[in-house]
Structure formats: C-alpha cells, structure tokens
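Visitor: Below are the sequence and a predicted model; questions follow.
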Amino acid sequence: MIGGDGRETELRDVNGGRALVRLAAVGASVFIAGTVLPSALDATGLPGGTPLRAAYHPLCHQLPSRSLDWAGHPLAICARCAGLYLGAALALGLAALTAAAARVPAGFRWLALAAAPTALDATAGIVAGAGLPNVPRFLLALPAGFAAGLYLAAGLADLGGHRWTKGLPIYSGPR
C-alpha cells in the first residue's frame, strides 16, 4: 500500500481484509444458488419458487424469454445478469482462495474493457431490436462480472482494514 509519503509499505494485520473477502465469496455463492433454487422448486412442484423470484425482481427484469432454463424452468434472473453475477462470484471465490489480494490496475480501464462486449450486445439489442440468444449473452457478461468481482475483492480487502499485498490501491489517482 502506498503511504502518505508515496512509499510502498507493508501492512501487518491482514485478517480483517481476508475475512471480509471470504465472507463476500460465501455470500455470492449463496446468492448464485438462490437464482437457481426457484427453478428447482418449480420443477419438483414444491412451493417457494414465486417468493424467491420476487426477492430477485429488484435486481433483474426477469423476462422468461431472456433467461436460461434449469429443469425446464427459467432462472430467477436473466442470462446477462446470470453472467454478471456468476463472474463476480467466481472472482470473489478466487480472491478468497488465493494468498494474495486481487490485483487490479489503477483506474477502471480494465472494468470498462471487460464490460465492452456486454455493452455492445445491449446496444445492438436496443438499436436493432433483437439481441443475441441467451447463452452468448451469458458468456459475454462473464468477463464484466469477473472484472467487477476483482475490483470488489480488492475494495473489500481495503475496507477490511488492510490489503495483504504490497500493490497499488484500487484507484491511485492520476500519475
């Protein structure tokens, strides 16, 4: 981490940041499982799918025609949101399992670059009236979610008190 005098410093207490990243990774895994659970409940005929879908409604438009299917029933989120959320969960899981914090470049260039395919697909859908099928939409969103997850992991490590690497903070300002 860069100290107030601009020199790289090593931090001693690393547990707060690592614990926060690990907690976020577990939470993201539960969140992803919750997107599939309504479909599984609907497929088995058990009640509970509708309230779970309602819980995810503020996060996604949930159009069945734009959602991936599980056991013949649409997920609780659309294909693009599934790619974004799964990518972020994978990045958080990777950051939680590694000994080093997520290393992300200063600024948000890489996040914008990773989001470009999803943004182009969304723009094409608005302009042309029809976007790509669900599986490509899901796959195009994975890099954007993964990059966002890495930024989130680095931010949570900083928020938790300390990064456990000697890299630059997420945003170091213009140099």
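Guide: Yep, it's here.
Visitor: Ranking helices and strands of the protein by mean pLDDT, which lands last?
Guide: None of the helices or strands of the chain scores lower by mean pLDDT, DSSP states H and E than helix 109-128, at a mean of 87.
Visitor: and after that helix, which helix or strand comes next?
Guide: Using DSSP states H and E, the helix or strand that follows helix 109-128 in sequence is helix 134-159.
Visitor: which residue is nearest the centroid of this protein?
Guide: Note on the chain: the residue nearest the mean C-alpha position is residue 88, at 2.0 Å, using CA atoms, centre = their mean.
Visitor: before we move on, the earlier item: who are the packing partners of the least confident helix or strand of the chain?
Guide: When contacts are defined as 3 or more CB pairs under 8 Å, 6 or more residues apart in numbering; DSSP states H and E, helix 109-128 sits against helix 79-97, helix 134-159. Yep, even glycine has a C-beta here, placed from its N, CA and C like the rest.
Visitor: quick revisit: so the residue nearest to the centre of the chain touches residue 151, yeah?
Guide: No. Assessed by CB atoms under 8 Å, residue 88 is found out of contact with residue 151, at 9.3 Å.
Visitor: Verify the stated contact: residue 62 with residue 52.
Guide: No. Here residue 62 does not reach residue 52: they are 11.3 Å apart, not a contact under CB under 8 Å.
Visitor: Give the residues shared as contacts by the two.
Guide: Jointly contacting residue 62 and residue 52 under the rule CB atoms under 8 Å, 6 or more residues apart in numbering are residue 76.
Visitor: Identify all contacting residues around stretch 54-65.
Guide: Counting by CB under 8 Å, 6+ apart, 34-35, 38, 53, 74, 76-78, 81 sit against stretch 54-65.
Visitor: So which bits of that stretch are buried?
Guide: 56, 60, 62 (16 or more other CB atoms under 10 Å).
Visitor: so which helix or strand takes in the first one?
Guide: Read it as residue 56. Using DSSP H and E, residue 56 falls in helix 49-56.
Visitor: Run me through the strand neighbours of the helix or strand just after that helix, direction for each.
Guide: The helix or strand immediately downstream of helix 49-56 is strand 69-70, counting by DSSP H and E. Using DSSP bridges, the strands paired with strand 69-70 in its sheet are strand 73-74 (antiparallel).
Visitor: what's the closest residue to residue 148 other than its chain neighbours in contact with, if anything?
Guide: Of all residues not flanking residue 148 in the chain, residue 88 sits nearest, at 5.3 Å (CB to CB, 6 or more residues apart in numbering). Residues counted as contacts of residue 88 (CB under 8 Å, 6+ apart) are 28, 145-146, 148-149, 152.
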